[in-house]
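Undergrad: Attaching a predicted model along with its sequence, questions to come.
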Amino acid sequence: MRGVAPAQFPPPVDPPQEFIGPPTDAEDERIEVGIAIVGGGPAGLACAIRLTQLLEHEPELTEKLGEVPVAVIEKGKTPGAHLLSGANMRPSAMRELFPDMDESEWPVLWKVEKDAVYLLTKKQALPLKPMPPNFRNHGNYVVSIAQLGRWLGEKAEEAGVYILPETTADKLLVEDRIVVGVRTGDKGRDRDGQPLSNFEPGSDVVAKATVLAEGTLGHLTFAAQDYFDLHGDDPQRWELGVKEVWEVPKPLDRVIHTMGWPLRKSARWNEFGGSFIYPMGEDKVAIGFVAGLDNTDASFSVHDVLQEFKLHPFVKKILDGGKRVAWGAKTIPSGGYFAMPRKFAVPGMCIAGDAAGMVNIPELKGIHYAMHAGMYAAEAIVDALKQDSINYEAYDKRVRESMIVQDIYRSRNMRQPFEHGFFLGGAIASAMTITRGAFPNGHWRQEPDAAHPMVIDGAAKHYPAPDGKYTFDKLSSVFASGNATRDDAPNHIRIQRKVPLEVAQTWVSMCPAQVYEIPEEELEAAQNGHGDGTVDVQVVPSNCVQCGAITAKGGRLTPPEGGDGPLYTQV
Ligand SMILES: Cc1cc2nc3c(=O)[nH]c(=O)nc-3n(C[C@H](O)[C@H](O)[C@H](O)COP(=O)(O)OP(=O)(O)OC[C@H]3O[C@@H](n4cnc5c(N)ncnc54)[C@H](O)[C@@H]3O)c2cc1C
Ligand code: SF4
């Protein structure tokens, strides 16, 4: 078989060993909270808010939960700082969480009244009519999830939730196979891991319930899945989305999705994905490109695909006279139903949202599922704690009987056929939509993204040179993400450093933030067939925007120091 699979060069990491263990602080030094929620995204914050609503009617239980009944641990500088999404949100979860609030009070930017899907060729944009049903967004709201996160964070704090920003949950605390909380990460180490003058060690945060709402590629979620044997039938896999926000002179009047160009159609490269262009009120648009990480060309870069995409005449017209005001990148779990964990709860712990793969990829929707799951977790936890139990299995049952699993089950075989190329894949996926999931039946197996052999095969040939007006390089984009991580921050990326050129090039091209580099002379030697074909990969961890792609493609992202990474405000 041609090429080299990144999976052949696994990262130096042993998650259950390194990231799971009993509390280590002396008992009187531990921070005690009632319910610890890891992640201040839609899942975690909806869970926190719902908990406060329920506890209002449970004074006895609230008393038992101590001084801090509900705490949210968030690694970003503030809730929302690490959130990136399209975002075209279904309103069901907001309605359920805030039943008495008028929708005009929600932090939304545009109500979808018109939407369109186009098939792009290099020069043309052909409208798809009738529109595939999975692209219908009428009645949804366009939001900036970075802003929604901040707003939900404020609502949570007003309701009495204790939010710990700039704090990573580094280790899952487990005693006798019961989850009893998390240990937060140290702060103030130098590049070699040595403590600086401002060093602060992490602490054990012990809780009666722990909710993992870490989002895509959750650090503790992975460790917990290994430790408790929770992995689903198929391995999880991911898409990578790169997004920009543009100020534009002319308002956009519809939600737009595109398929086709600039992705190549042949099954050989496995390039699956598409774009979204969403109005963000009168003067801004969100524009993003999402592509599967199971692609096989080591020179493929989603960031550069987005730059190329913006030069299409149809797209350029929307951006003309405008200016880019924000940029970011993040992965989305796309393994679907068969890749969801075998169980969403174990004694002492629940997993909610993207961390549990609760995403409907054909519809590109996850926000409302994450919020509903967070609320279900809150309800199951309160019911159990009222009976002095830490068994949250009712949450598992609730999710499986809900529209979360039902919707995701309907599209269970929709992503896989695209491995056979755009047209065949598209035809099978359409059949699945039309038959509401009845055809193709059975279980189409999936491979991990990192198991696909990589070849350097020409994807980069067409990428435009950055002009600073429509197209931008990766480094100026990292700046536009608000990332101001200090240069001497410890390295949080685990990879094998000496790998074949194909693997190294995969990481260099894939990473939207230019974290990986191959020294010039080594690149030249490997390209000219000198040496053993391997190169040394250099890492610049401070550029990392924590999109998670490296974990999908053969490395491992561990949490950096709390507060590091992007400071998203508009994406
Ligand atoms: C490009 C793109 C476009 C999308 N478009 C849409 C769309 O249009 N509509 C839609 O409904 N969905 C969309 N989605 C999916 C949607 O954004 C997610 O499903 C949703 O954000 C999941 O919410 P969550 O709370 O589970 O996780 P997240 O939103 O990822 O939040 C997780 C939070 O946990 C924090 N965290 C993680 N690990 C730790 C740790 N160990 N310690 C402390 N904090 C931690 C993170 O910093 C983050 O704030 C899109 C996603 C992407 C990437
Ligand atoms: S190094 Fe950071 S930004 Fe780059 S691919 Fe990995 S997680 Fe994403």
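TA: Noted; the coordinates are in hand. Ligands and ions are numbered 1, 2, ... in the order given.

Undergrad: How about the residues of the stretch 1-150 of the chain by ligand 1?
TA: Neighbours of ligand 1 within the stretch 1-150 of the chain, by CB under 6 Å from any ligand atom: 38-44, 73-76, 82-89, 145. Quick note: C-beta positions are derived from backbone N, CA and C, even for glycine.

Undergrad: which of these count as buried?
TA: Buried by 16 or more other CB atoms under 10 Å: 38-44, 73-76, 82-89, 145, out of those.

Undergrad: pLDDT weak spots in this structure?
TA: The chain contains residues with pLDDT under 70 at 1, 416-439.

Undergrad: now with 80?
TA: Within the chain, the stretches with pLDDT under 80 are 1-2, 413-445.

Undergrad: most centrally placed residue in it?
TA: The centre of the chain sits closest to residue 216, judged by CA atoms, centre = their mean, with a distance of 3.5 Å.

Undergrad: Which parts of the stretch 101-250 of the chain are strands?
TA: Ranges of strands in the stretch 101-250 of the chain, per DSSP state E, counting those that start in this stretch, are 110-111, 115-120, 125-127, 141-142, 162-164, 169-175, 178-184, 187-189, 195-200, 204-206, 209-212, 238-247.

Undergrad: quick revisit: so the residue nearest to the centre of the chain makes contact with residue 548?
TA: Yes - using CB atoms under 8 Å, residue 216 is in contact with residue 548, at 5.2 Å.

Undergrad: Quick one: name the residues of the stretch 401-550 of the chain near ligand 2.
TA: The stretch 401-550 of the chain comes close to ligand 2 at residues 493, 511-513, 515, 544-550, as judged by CB under 6 Å from any ligand atom.

Undergrad: neighbour-wise, which of those leads?
TA: When neighbours are taken as other CB atoms under 10 Å, the top entry among those is residue 547 (30 neighbours).

Undergrad: my read: that residue touches residue 327, true?
TA: No - between residue 547 and residue 327 there is no contact under CB under 8 Å: 11.6 Å.

Undergrad: Give me the common contacts of the two.
TA: Between them, residue 547 and residue 327 share no contacting residue under CB atoms under 8 Å, 6 or more residues apart in numbering.

Undergrad: Just the CA atoms of stretch 248-262, as CSV, please.
TA: Provided in CSV are the C-alpha atoms of stretch 248-262 (Å, rounded to 0.1, in the frame of the first residue of the first chain):
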residue,chain,number,x,y,z
VAL,A,248,-18.8,43.5,4.8
PRO,A,249,-20.4,46.5,3.2
LYS,A,250,-23.5,44.7,1.9
PRO,A,251,-25.7,42.5,4.2
LEU,A,252,-26.0,38.9,3.2
ASP,A,253,-29.7,37.8,3.0
ARG,A,254,-29.4,34.0,3.3
VAL,A,255,-27.5,31.1,4.9
ILE,A,256,-25.3,29.5,2.3
HIS,A,257,-23.7,26.1,2.2
THR,A,258,-21.5,24.8,-0.7
MET,A,259,-20.2,21.5,-1.8
GLY,A,260,-17.6,20.6,-4.4
TRP,A,261,-14.7,22.9,-5.4
PRO,A,262,-12.0,23.4,-4.2
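
Undergrad: Mind listing what's buried along it?
TA: Going by neighbour count (16+ other CB under 10 Å), the buried part of stretch 248-262 is 248, 252, 255-262.

Undergrad: Likewise for stretch 201-209?
TA: Within stretch 201-209, the residues that count as buried by 16+ other CB under 10 Å are 202-209.

Undergrad: is stretch 505-517 up against ligand 1 anywhere?
TA: No - against ligand 1, stretch 505-517 shows no contacts by CB under 6 Å from any ligand atom, the least distance being 11.1 Å.

Undergrad: for ligand 2, what are the nearby residues on this structure?
TA: 493, 511-513, 515, 544-550, 557.

Undergrad: what about the strands in the stretch 401-550 of the chain?
TA: Going by DSSP E, counting those that start in this stretch, the stretch 401-550 of the chain shows strands at 493-494, 498-500, 516-517, 534-536, 538-539.

Undergrad: What pairs with the first one, parallel or antiparallel?
TA: Within its sheet, strand 493-494 is paired with strand 556-557 (antiparallel), according to DSSP bridges.

Undergrad: Which residues does the strand it pairs with contact?
TA: The contact list for strand 556-557, computed with CB under 8 Å, 6+ apart, reads 11, 13, 217, 219, 492-495, 544, 546, 548, 550-551.

Undergrad: Spatially, which residue comes closest to the residue of the stretch 401-550 of the chain found nearest ligand 1, not counting chain neighbours?
TA: As assessed by CB to the nearest ligand atom, ligand 1 sits closest to residue 546 within the stretch 401-550 of the chain, at 7.2 Å. Using CB to CB, 6 or more residues apart in numbering and skipping residues adjacent in sequence, the residue nearest residue 546 is residue 565, 4.7 Å away.

Undergrad: wait, the one you found sits on residue 82?
TA: Yes - Residue 565 is in contact with residue 82 according to CB under 8 Å; the separation is 6.1 Å.

Undergrad: Tabulate the strands of the stretch 401-550 of the chain (TSV), appending distance to residue 506.
TA: Formatted as TSV, the strands of the stretch 401-550 of the chain follow (distance: least, CB to CB, whole Å):
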stretch	distance to residue 506
strand 493-494	14
strand 498-500	9
strand 516-517	9
strand 534-536	12
strand 538-539	14
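
Undergrad: For residue 447, which of the ones you listed is the nearest?
TA: strand 498-500 (19.2 Å; CB to CB).

Undergrad: Which secondary structure elements does the closest one sit against?
TA: strand 534-536 (3 or more CB pairs under 8 Å, 6 or more residues apart in numbering; DSSP states H and E).

Undergrad: Longest helix of the protein, counting residues only.
TA: Ranked by residue count, the top helix of the chain under DSSP state H comes out as helix 367-386.

Undergrad: Any idea how many residues pack against residue 60?
TA: 8.

Undergrad: what helix or strand is it on?
TA: helix 59-64 (DSSP states H and E).

Undergrad: Return the residues of the stretch 151-300 of the chain in contact with ligand 1.
TA: Neighbours of ligand 1 within the stretch 151-300 of the chain, by CB under 6 Å from any ligand atom: 168-169, 213-216, 218-220, 241, 243, 288, 290.
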